[in-house]
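**Q** Sequence first, then the predicted structure, then my questions.
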Amino acid sequence: MGTASGIIKALNSGIKHIAIKRFTLRYPEEKLKFVGDGYQFDPVSGVGVAGLKGRHILFHDKCTGCQLCSIACEGIAEAISMVKVNEKWKQNKKSIMPQIDYGKCVFCGLCVDACPFYALYMTNDYELSSFSKEGLIYTPAQLQVKPNIEQDAEIKIDDRGATHG
Amino acid sequence: MSELPPGIKLEKEDDKIMTLNVGPQHPGSGHMRIIVKIDGDYIVSCDPDPGYVHRGEEKMAEYRNYITNIPHLERPVIHDSCNILYPYCLGVEEILGLEVPERAKYIRVIASELNRCVYTLYWLAIYGIFLGHSTMFMWPTGDRELLIDLLEKLSGARVTHAYFIPGGVRNDMPANFEDVCIRQINYFEKRIKQYDSIFYSNPILKSRTIKTGVLAQQDAISLGATGSVLRASGVDFDVRKKEPYDVYDNLDFQSNTLKSGDSYARSKIPWLDMLESCRIIRNALEKIPKSGSVRVKLKPNPKAGNVETYKRVESGRGSLGMYIISNGKPEPYRVKISVGSFRNLICLPYLLKGEKLGNMPAVYWSLNYWPVEADR
Amino acid sequence: MSNTQNKSNLNGDVHIHKNTDSNSIDKKEDDRPEFETNLANTLLHNFGEKIKIDFIKKNRIKVNVQKENIVEIAKFISLNMKFDHAEAVTGIDYPEQNEIEVVYHLGSYEDNLSNQILALSTSAIREDDPTPGSDRTKLPSLRNVFYSVEFHERECFEMLGVYFENHPDNRRLLLPEDWADIPPLRKDFKIKGR
């Protein structure tokens, strides 16, 4: 192929893009929608449920303080430590629950796989930035809160290209 | 003449030869230093100096058990994390004697092919910007989003998936993933076909890459090159074809080879592979069993006997092998990661000799080299 | 001694039987893949007692040789058996046996051999107090036989302190120039905090 026709071909392909819609996600205004409510794990079947591996959610009424999540994290990120809580639960005699340092967490979700009591899941919340390192340490009380998220942008494909609609 | 500081010596005979350090923080080298000696505009010799991002993954693997090794072993190539975990999982499954469910094998193939495309697009984007073709930086970076979105739906993370596990995959495909996948893969295939007109048949790109850094077939074999570098030199070697793992022997695809062995061929092979990946994914989605288990249950601290295994897969950068030795403890005794980047690095001094300095980025990045992976 | 060696040279099958029986992984005669056994027999026919077969599995053979014979055997593997490149060179530290094992994973791009990996292993003496390059931990380099091992052997030198004689470029590769500790992949090098 000659030089001229090569350049014409490239220009032609570029010009076609004038008519194509913009694919950019306008992030703080639009947020991507994820499947499900975050990564979960079913210890009976031993298989996870697909979802985003974001911030954790801890169910205080199910946590027994068995430390399995903390042990699982020991070889990975050492982000989970067990702390004392001022709550009385029948299943949690020692009153200890996980506290997660998101400055260390790598969001692999193997702690969720380790929990045999359906107490620790992950959520769709990924906006965890903080002004201090202490702000990244989430106490059991903070982990209990269900995140309030509005994520609705999805990839749409039509004749004029793909967009985040 | 005053005394020179230690470590610096003047080359009296050849004063016109200049030593130039490219890197380790130069955008033209990634996290690697390339020490080139140049005579005018021509490279006399080249000495790659990797190791700037060495993290001791092999040493770390000796201290963690077979499951907790997973998140850190994917760190060398976060863009291709499924493929670097693949040989590890195959190896651990062999020494633990696990039988992977059929559906998990297909999901693994789909995830690994998606991840290969994600890596290749990132690599191609940087190749574009190295050659001053900024459209080629923007397009693949945008199209990558289509596949990252799919992997995010599948595994729950955008780059470091930690999705493969010895005995299968972490979770099943979400509901109606097949439809979304087919739709986005079809659109993606349409998109990357346009790269041919804007990039691969672009006369400026052709004049910069054709006949630069030619690697002859015999040299490619004796240097032990792998992946796209090898196949661009006319050797038909693809681990997926030659030693099929999981379900690759059931799938319909071909391995691409080109004859010329120059930078142009080396940059085109990954693009042809991406088109092939789209075929594999569609084929796998047709053949996948509609239901079934995706993971076998593991004991908390699995132990293997006194065994060793060497498994390899085809990653985005060529054959990727893991040599796992177990001595009966929950931790592996030794894990050796043999990566394509490290094996292809030896071609660099060979290819750059006698080349113009301006051609260095075109030759260097066409080797499909990922500095972080080579350093491990 | 020469008599017995002659015998095993002539009758390689007997030899291989004995070796696999002593292996920890018990393989029955029928389980052993045919193609790989033939490959191993080729080596046994030519080198007899210089070679010890560790295992024969599907697509994988591992042979153990003494360091004095490794260059000769590697030359034979490269010229007569068409294994043309090295995939990996792995050093493994065994402090109890006082040795460092070095395994060469050799592959081939020939069509009929491309799924095979031949692991060629040898071992060097391990020093408790290593001074890399000037102690007894030395092996002959295979760089003149397999060009592709050049960087792999350099990595093995810095990571385990195995000096490869006749290697043209015995420098550090991945570690920094000012690394002053013992080679890091030795078992007595401990990671902080573990």
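**A** Nice, thanks for sending it over.
**Q** Contact partners for B:Ser112?
**A** Each residue near B:Ser112 by CB atoms under 8 Å, 6 or more residues apart in numbering or on different chains is listed here: B:Cys82, B:Asn83, B:Tyr86, B:Val313. C-beta coordinates here come from the backbone N, C-alpha and C atoms, glycine included.
**Q** ok, the residues you listed vs chain A, which is closest?
**A** Chain A lies nearest to B:Cys82 out of those, by CB to the nearest CB, at 13.6 Å.
**Q** ok, the closest one touching B:Asn115?
**A** Yes: taking CB atoms under 8 Å as the definition, B:Cys82 is a contact partner of B:Asn115 at 4.1 Å.
**Q** joint contacts of these two?
**A** Joint contacts of B:Cys82 and B:Asn115 (CB under 8 Å, 6+ apart) are B:His161.
**Q** Ramachandran angles for the residue in the stretch 251-376 of chain B that chain A sits nearest to?
**A** Proximity of the stretch 251-376 of chain B to chain A (CB to the nearest CB) peaks at B:Lys297, 4.2 Å away. Dihedral pair for B:Lys297: phi -70, psi 140, per degrees, to the nearest 10.
**Q** Is it in contact with A:Val44, as I believe?
**A** No: using CB under 8 Å, B:Lys297 makes no contact with A:Val44, being 9.9 Å away.
**Q** Name the residue in those two with the higher neighbour count.
**A** Per other CB atoms under 10 Å in any protein chain shown, whichever of B:Lys297 and A:Val44 has more neighbours is B:Lys297, with 13 against 8.
**Q** which bits of the stretch 101-250 of chain B sit near chain A?
**A** B:135, B:142, B:145-146, B:149, B:152-157, B:160, B:162, B:170-175, B:177, B:183-184, B:187, B:194, B:197-198, B:201-203, B:206 (CB under 8 Å from any CB of the partner chain).
**Q** ok, how many other residues are close to residue 111?
**A** Here I'm looking at chain A. Around A:Cys111 there are 24 other residues, counting by other CB under 10 Å.
**Q** The chain in question should be chain C.
**A** Neighbours of C:Asp111 using other CB under 10 Å come to 10.
**Q** how far away is it from chain A?
**A** 34 Å (CB to the nearest CB, to the nearest Å).
**Q** Can you name the residues in contact with stretch B:345-362?
**A** Contacts for stretch B:345-362 (CB under 8 Å, 6+ apart): B:20, B:22, B:28, B:34, B:36, B:38, B:41-48, B:50, B:130-131, B:208-209, B:212-215, B:219-220, B:223-225, B:229, B:263, B:363-364, B:367, B:369, B:374, C:147-148, C:150-151.
**Q** Oh, that last question was meant for stretch C:55-66, not what I typed.
**A** B:243, B:308-310, C:16, C:20, C:23, C:25, C:27, C:32-33, C:36-37, C:39-40, C:43, C:47, C:50-54, C:73, C:103, C:115-122.
**Q** quick one: buried residues of it?
**A** Using 16 or more other CB atoms under 10 Å in any protein chain shown as the test for burial, stretch C:55-66 gives C:Phe55, C:Ile56, C:Lys57, C:Asn59, C:Arg60, C:Ile61, C:Lys62, C:Val63, C:Asn64, C:Val65.
**Q** Compute the first-to-last residue distance for it.
**A** Counting by CA to CA, to the nearest Å, you get 17 Å between the two ends of stretch C:55-66.
**Q** need the helices for chain A, in chain order.
**A** In chain A, helices defined by DSSP state H lie at A:3-16, A:68-74, A:110-114, A:140-143, listed in chain order.
**Q** of those, which approaches chain C most closely?
**A** Across the helices of chain A, closest to chain C is helix A:68-74 (CB to the nearest CB), at 10.0 Å.
**Q** Now the closest one: buried residues?
**A** A:Leu68, A:Cys69, A:Ser70, A:Ala72, A:Cys73.
**Q** didn't the second one look like it was pressed against A:Asp113?
**A** No: counting by CB under 8 Å, A:Cys69 does not reach A:Asp113; the two are 9.3 Å apart.
**Q** For stretch A:37-49, which residues meet the burial criterion?
**A** Neighbour counts using 16+ other CB under 10 Å place A:Asp37, A:Gly38, A:Tyr39, A:Gln40, A:Phe41, A:Gly46, A:Val47, A:Gly48, A:Val49 of stretch A:37-49 among the buried residues.
**Q** quick revisit: so what's the residue of the stretch 251-376 of chain B closest to chain A closest to, chain neighbours aside?
**A** A:Gly46 (4.2 Å; CB to CB, 6 or more residues apart in numbering or on different chains).
**Q** C:Ala74 now?
**A** In space, C:Ala74 is closest to C:Val145, 4.5 Å off (CB to CB, 6+ apart).
**Q** Please report phi then psi for that neighbour.
**A** phi -90, psi -50.
**Q** for A:Leu25, same thing?
**A** According to degrees, to the nearest 10, A:Leu25 has phi -90, psi 120.
**Q** Please apply the same query to C:Asn98.
**A** Note on C:Asn98: its backbone torsions stand at phi 60, psi 40 [degrees, to the nearest 10].
**Q** Enumerate the positions of the biggest helix by length in chain B that are buried.
**A** Using DSSP H, we find that the single longest helix of chain B is helix B:102-130. Using 16+ other CB under 10 Å as the test for burial, helix B:102-130 gives B:102-130.
**Q** Do you know the pLDDT at whatever residue of chain C ends up closest to chain B?
**A** Taking CB to the nearest CB, chain B has its nearest neighbour within chain C at C:Ser148, 2.8 Å off. pLDDT, C:Ser148: 87.
**Q** repeat for C:Arg194
**A** C:Arg194 is given a pLDDT of 65.
**Q** so what's C:Phe47 closest to, chain neighbours aside?
**A** C:Phe47 sits nearest to C:Ile73 (CB to CB, 6+ apart), 6.0 Å away.
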